[in-house]
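# make a model of this:
(one chain, ligands or ions: 1)
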Amino acid sequence: MRALLVVNPIATTTRPRTREVLVSALSAELDLEIAETTHRGHAIELGTRAAREHYDVVVALGGDGTVNEVVNGLLVDGPRDDLPALGVVPGGSANVFIRALGAPRDPVDATGLLLEALRANRRRSIGLGQVNDRWFIFCAGFGLDAAVVGRVEQARSRGRTATPGLYVRSAVAQYFRGPERTTTSIELKLDAPPADAADGVGAEPSGRFAAVIVQNCSPWTYLGPRPVNPCPEASFDAGLDLLALRALGLPSTLRTVWQILSPQPDPHGRHILREHDLSGFVLRSDAALAAQVDGDYLGELSELRFTAVPNALRVVV
Ligand SMILES: Nc1ncnc2c1ncn2[C@@H]1O[C@H](COP(=O)(O)OP(=O)(O)OP(=O)(O)O)[C@@H](O)[C@H]1O
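Next comes the predicted model:
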């Protein structure tokens, strides 16, 4: 089996020792080629090459940013049955994707599970999301959460480490100092169900919102060991889920945060819209707002078109 190992050497927890263990374990099982990323976007180029040169497996050692890039490279020409399968060994700070699939956080344990899955030829087919022309694996956001991701990225470029504390402090600072609390400019338009679309009936806008969180699996993210799950029904086997907040007033926002962090999360109330298993929708805002996919800041945009793509990728797990 031909495999490409993509290593992000600067990811938060990628250690030379982990890399050595992984390389010797994988080399015993696979015809292995190793590539280290040297710049942002490099893993997209490597994923594209692996797809076009018909590798059997691509293993990503890094954080969710690296995995997102590999996936965008693999799917550059769209989903196909013979695309390389994806394996992941966690080397980032949160490693949401691989943990959401039930794999261990520890890279050596995750390597053990990956080898077991390779030997047993175990693959799981998962659905993915697409926003504009970018694929995402587990989440996307428009408004407040994306602005927090942008703030954390800025802090990291100044040398700070991504910790749960940094995310919480950035969220509080963005809430009180950012513009999102006083704007409700996001318009959500769900795609018409297929039957209505056939009748030529378009979907009506579902209202205006201050922030929208999109999930492709459960949970949305982790704070340390703790899953954070605004849309607990979200699944790789269904379409996209979303939680949209009509306003970000302090009492209602605190209530929503409380509901999301409870052991059995079930956010609800008049100021919330929750949707499960959507095939597609559009978010539009007159003023450009912060957008993010899989924890990667996209900048400020005014329109995001989302599509759920079932069975887009096979994962070795
Ligand atoms: N050699 C490199 N120099 C600079 N940036 C790189 C390099 N290799 C990869 N990157 C970029 O680093 C970004 C972050 O990487 P990654 O997500 O793997 O680690 P992380 O940020 O530590 O993890 P997490 O996303 O869990 O916080 C990626 O978006 C990728 O584009």
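# and the chain, which of its residues are near the ligand?
Proximity of the chain to the ligand, by CB under 6 Å from any ligand atom, involves residues 8, 10-12, 37-42, 62-66, 69, 92-95, 162, 295-296. For the C-beta atoms, the positions are set from N, CA and C on the backbone; glycine is no exception.
# how many neighbours does the nearest residue to R160 once chain neighbours are set aside have?
Spatial nearest neighbour of R160, excluding adjacent residues (CB to CB, 6 or more residues apart in numbering): L166 at 6.0 Å. Residues lying near L166 (other CB atoms under 10 Å) number 17.
# do the same with N311
13.
# T307 too?
Neighbour number of T307 under other CB under 10 Å is 18.
# quick one: pLDDT of the residue of the chain found nearest the ligand?
Closest approach between the chain and the ligand, counting by CB to the nearest ligand atom: G63, at 2.0 Å. Turning to G63, the model gives it a pLDDT of 95.
# hang on, the earlier thing: and the residue nearest to R160, helix, strand or coil?
helix (DSSP: H, G, I helix; E, B strand; the rest coil).
# contact partners for it?
Residues near L166 by CB atoms under 8 Å, 6 or more residues apart in numbering: V152, A155, R160.
# picking that back up, and for the residue of the chain closest to the ligand, nearest residue in space, chain neighbours not counted?
Excluding the flanking residues, the one nearest G63 by CB to CB, 6+ apart is G92, at 1.8 Å.
# residues in contact with stretch 267-284?
Residues from elsewhere that reach stretch 267-284 (CB under 8 Å, 6+ apart): 142, 186-191, 206-207, 209, 212, 230-231, 233-234, 238-247, 249, 252, 255-256, 259-260, 302-308.
# could you check how far P227 is from I260?
From P227 over to I260 the distance is 10 Å, taken as CB to CB, to the nearest Å.
# of these two, give the one with the bigger neighbour count.
Set side by side, P227 and I260 show more neighbours around I260, with 19 against 16, by other CB under 10 Å.
# which pLDDT value goes with that one?
95.
# which helices and strands sit right next to the helix or strand hosting it?
According to DSSP states H and E, I260 maps onto helix 250-261. Counting by 3 or more CB pairs under 8 Å, 6 or more residues apart in numbering; DSSP states H and E, the packing neighbours recorded for helix 250-261 are strand 226-228, strand 240-245.
# switch the cut-off to 6 Å
For helix 250-261, there is no helix or strand it packs on, judged by 3 or more CB pairs under 6 Å, 6 or more residues apart in numbering; DSSP states H and E.
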